[in-house]
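>>> just the structure for this:
(2 chains)
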Number of protein chains: 2
Amino acid sequence: MSTARSLAVLAFSGGMDSSTLAGHYHQHGHELILVSFDYGQRHTRELDSARTIAKHYAAEHHVVDLRTVGALMPGSALTDAGVEVPDGHYEDTTMRVTVVPNRNAIMGNIAAGIASARAAEVVALGMHAGDHVIYSDCRPVFLDALRASVESALEGLHCPRIEAPFLHLRKVDIALRAAELGVPLHLSWSCYRGGELHCGRCGTCTERREAFELAGLSDPTRYETQVAA
Amino acid sequence: MSTARSLAVLAFSGGMDSSTLAGHYHQHGHELILVSFDYGQRHTRELDSARTIAKHYAAEHHVVDLRTVGALMPGSALTDAGVEVPDGHYEDTTMRVTVVPNRNAIMGNIAAGIASARAAEVVALGMHAGDHVIYSDCRPVFLDALRASVESALEGLHCPRIEAPFLHLRKVDIALRAAELGVPLHLSWSCYRGGELHCGRCGTCTERREAFELAGLSDPTRYETQVAA
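Numbering: from 1, shown residues only, chains lettered A, B, ... in the order given. Sure, this is the predicted structure:
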């Protein structure tokens, strides 16, 4: 490794996966540019978590305002107040209403543009195996297509490498990796409902709980369902 | 064609190419959703033109706010006040400072996401042969890569067709096509400098002037250089 630390631009929601991604690149000695996206998600609460975790890693952090984009994509439970966030598992067909079409392509391409302008070595995305069933833009085949598009668009300019080191990990593996890296997951936010506490019932809460359970780790998250019990 | 008019989402700058694109899809009987992008370009003047031309076509028009994205991409003469807009031809190497890295990928993917959510049949981009030399993300090979990425990201969702009907036209052909379609090009804006009048000297002004000249059409544009002469 050269003496100047190489830059990595991360799409960074402040959730469990991208926080662990930050820990991963931090450990590998990269200087981090963490980019969060405000697309009008009802869980903007995650942006506060993103800020806190960015501070933990003394990382450069930016919030990209995509609210005017989110407003033009009706029909997703994440951005449309008229559509309810469903309870259940990621694999459930009901979970399809949480899709924001082309979201990872939009975020990945913005991150790639920033990385090109800043001469960063890497763009990193936090998608993992558990996302593949429901989110088409989290699959390995999409990642390949995104890479090809970025390489074509940036021909003749600085072109970063696009990485997704968790692509074939399950959520439980991410929980284990986070523990290994000492990632402050108690500061991270997953819940799609974006209340005071994690609801414990929506798709991403269910996935988060199960990951800690399967990993045999104590879950640092306070869930509404626990408080109610 | 069915009785319900099919929707076309256009990346729409309010310049000569995308205004002619609007005329093209309007003539083909599509209902237009025109999407303009504010990425902090110094020629935001083009957004006023976009609004006026959208009104001319009685089209739905939206301005997507990407100013926080533009602010994270230093080094382009279009967005960075510290970099001067060069005079000359598109082919000149000096013109490279007008590149905003990955811009068409970002805009095209946002348009595709909106088109998916709105069940639009088409996403249309206005790139043409004259752009290919300098802007990598205006080349046919990029368009193919963008299509592959969008099709992968939207698998299982509504997926629009991505079209760029001017891809192999020269700017002079676009001027002729605009005349044929009666596109109100006197309302369109090209100049990268974004002053009161078109400067007449920057890359895009040079290209615009030459297109009308080569087409043998009278140029409806008022250039600073004329006024000074």
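>>> please name the residues that touch A:Ala59.
Counting by Cβ atoms under 8 Å, 6 or more residues apart in numbering or on different chains, A:Ala59 touches A:22, A:26, A:31-34. For the C-beta atoms, the positions are set from N, CA and C on the backbone; glycine is no exception.
>>> repeat that for 6 Å
A:Ala59 makes contact with A:32, A:34, according to Cβ atoms under 6 Å, 6 or more residues apart in numbering or on different chains.
>>> what does chain A have sitting close to chain B?
Residues of chain A found near chain B (Cβ under 6 Å from any Cβ of the partner chain) are A:62, A:64-65, A:68-69, A:72-75, A:101-102, A:105-106, A:109-110, A:112-114, A:116-117, A:136-137, A:141-142, A:145-146, A:148-149, A:152-153, A:155-157.
>>> restricted to buried residues, select the residues you listed in PyMOL.
To isolate in PyMOL the members of these that are buried, counting by 16 or more other Cβ atoms under 10 Å in any protein chain shown, one can use:
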select buried, chain A and resi 62+64+65+68+69+72+73+75+101+102+105+106+109+110+112+113+114+116+117+136+137+142+145+146+148+149+152+153+157
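>>> can you give me the strands for chain A?
Per DSSP state E, chain A carries strands over the ranges A:7-11, A:31-38, A:60-65, A:122-124, A:161-163.
>>> quick one: closest of these to B:Ser188.
strand A:60-65 (27.6 Å; Cβ to Cβ).
>>> now the angle between strand B:60-65 and that closest one, please.
The directions of strand A:60-65 and strand B:60-65 differ by 170 degrees, with axes from the mean of the first three to the mean of the last three Cα atoms, to 10 degrees as the criterion.
>>> by contact count, what packs against strand A:60-65?
With contacts taken as 3 or more Cβ pairs under 6 Å, 6 or more residues apart in numbering or on different chains; DSSP states H and E, strand A:60-65 sits against strand A:31-38, helix B:67-70.
>>> export these as CSV, with columns for distance to B:Ala50.
Below are the helices and strands packed on strand A:60-65 laid out as CSV (distance: least, Cβ to Cβ, whole Å):
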stretch, distance to B:Ala50
strand A:31-38, 24
helix B:67-70, 16
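>>> please identify the most buried of these.
Most buried of the helices and strands packed on strand A:60-65, by mean neighbour count (mean count of other Cβ atoms under 10 Å in any protein chain shown): strand A:31-38, with a mean of 23.
>>> that strand vs strand A:7-11, what angle?
Counting by the same axes, to 10 degrees, strand A:31-38 points 20 degrees away from the direction of strand A:7-11.
>>> strand A:31-38 pairs with which strands?
Paired with strand A:31-38 in the same sheet, following DSSP bridges, are strand A:7-11 (parallel), strand A:60-65 (parallel).
>>> residue ranges in chain A under the pLDDT threshold?
A:1-3, A:227-229 (pLDDT under 70).
>>> again, only using 90
A:1-5, A:41-45, A:74-99, A:130-135, A:194, A:225-229 (pLDDT under 90).
>>> just the helices in it please.
A:16-27, A:45-56, A:67-70, A:103-117, A:140-153, A:171-181, A:203-215, A:224-228 (DSSP state H).
>>> pretty sure A:Gly126 contacts A:Asp17?
Yes - judged on Cβ atoms under 6 Å, A:Gly126 makes contact with A:Asp17 at a distance of 3.9 Å.
>>> run a quick neighbour tally on the closest residue to A:Leu10 other than its chain neighbours.
By the measure of Cβ to Cβ, 6 or more residues apart in numbering or on different chains, the closest residue to A:Leu10 outside its immediate chain neighbours is A:Ala124, 4.9 Å from it. Residues near A:Ala124, counting by other Cβ atoms under 10 Å in any protein chain shown, number 27.
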